[in-house]
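predicted model and sequence below, questions to follow.
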Amino acid sequence: MKKIIFFIVGIFVILIDGTGIFLHFGNAVVYPDGNITYKNCINLNQEQLLKDEDTDVSNRKSYVALLNESVHKHIANYWGDKGIARYHLRIPIYENYFLWSASWIYPSIFKKYEFSDYNKAIERGVGLCSEHAIIITGILNHKGIESKIIRLPGHVIATALVEETKNEWWTLDPTYGVTLPYNIQTL
């Protein structure tokens, strides 16, 4: 009897995993939707953001400013309860059945899940200021540009090393698309 139960559970898990291959995790409805906070800012789709990500990084200052604006224009600033299913704030079962299960067992922690993998955050297309910062620092670090997440009271931003020889850092706020050519200590 145990073998049959394990076999059925195994088949069920394989079906869930297989379904995830064919279903897209992102949600195109986020762009024209009126429920997002900065609806007029969201005008880049995932492919356009990834194209900007692949831009030449030889001029770091230009690249960092372009990327900051691109993240701002792609990621909707939204974390409301109405969009939990619509925007995949709760991880769908086909994406990760462990996180999906945890969202029902420990909803205070997992009901709305923030990605640490910037690629998954880009794919989802919505998040808070911290998700914006995770995305930009993830891309910059992947491109070899040192960057850090800065937690402020009530907000999260990023900082990036734009000139290594001068140790010049810029402060980035991809939630609002603001690039400040100063380090956080100067500000």
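Received the coordinates, thanks.

would you map the helices across this protein?
Remark: helices assigned in the chain by DSSP state H are 2-22, 46-53, 60-74, 97-105, 107-110, 118-124, 129-142.

now the lengthiest strand in the chain: buried residues?
The residue-count maximum for a strand in the chain (DSSP state E) belongs to strand 155-163. Buried residues in strand 155-163, counted by 16 or more other C-beta atoms under 10 Å: 156, 157, 158, 159, 160, 161, 162. Every C-beta, even on glycine, is put in place using the N, C-alpha and C of the backbone.

so the last one sits against residue 171, correct?
No: with contact taken as C-beta atoms under 8 Å, residue 162 and residue 171 are classed as non-touching, separated by 10.5 Å.

shaky segments in this protein?
20-21, 24-44 (pLDDT under 70).

residue 130 versus the residue minimising distance to the centre of it, what's the distance?
With distances taken as C-alpha atoms, centre = their mean, residue 121 lies nearest the centre of the chain, 2.5 Å away. Applying C-beta to C-beta, to the nearest Å, the value for residue 121 to residue 130 is 10 Å.

shared neighbours, these two?
Taking C-beta atoms under 8 Å, 6 or more residues apart in numbering as the contact rule, residue 121 and residue 130 both touch residue 114.

wait, residue 159 touches residue 182, no?
No: the pair residue 159 and residue 182 fails to qualify as a contact (C-beta under 8 Å) at a distance of 9.7 Å.

show me the contacts for the closest residue in space to residue 99 that isn't next to it in sequence.
Closest residue in space to residue 99, ignoring its immediate chain neighbours: residue 91 at 4.1 Å, by C-beta to C-beta, 6 or more residues apart in numbering. By C-beta under 8 Å, 6+ apart, residue 91 lies in contact with 99, 100, 103, 110, 113.

right, and out of these, which lies closest to residue 83?
residue 113 (13.0 Å; C-beta to C-beta).

enumerate every residue touching the closest one.
89, 90, 91, 99, 103.

what number of residues lie near residue 7?
Neighbourhood size, residue 7 [other C-beta atoms under 10 Å]: 10.

against residue 46, how distant is it?
Taking C-beta to C-beta, one finds residue 7 at 38 Å from residue 46.

and if you look at residue 90?
20 Å.

which of these two has more neighbours?
Neighbour count, other C-beta under 10 Å: between residue 90 and residue 46, residue 90 has more, with 20 against 16.

pretty sure the more buried one contacts residue 102?
No: contact criterion C-beta under 8 Å: residue 90 and residue 102 do not qualify, at 9.9 Å.

find the residues that touch each one of the two.
Common neighbours of residue 90 and residue 102 (C-beta under 8 Å, 6+ apart) are residue 110.
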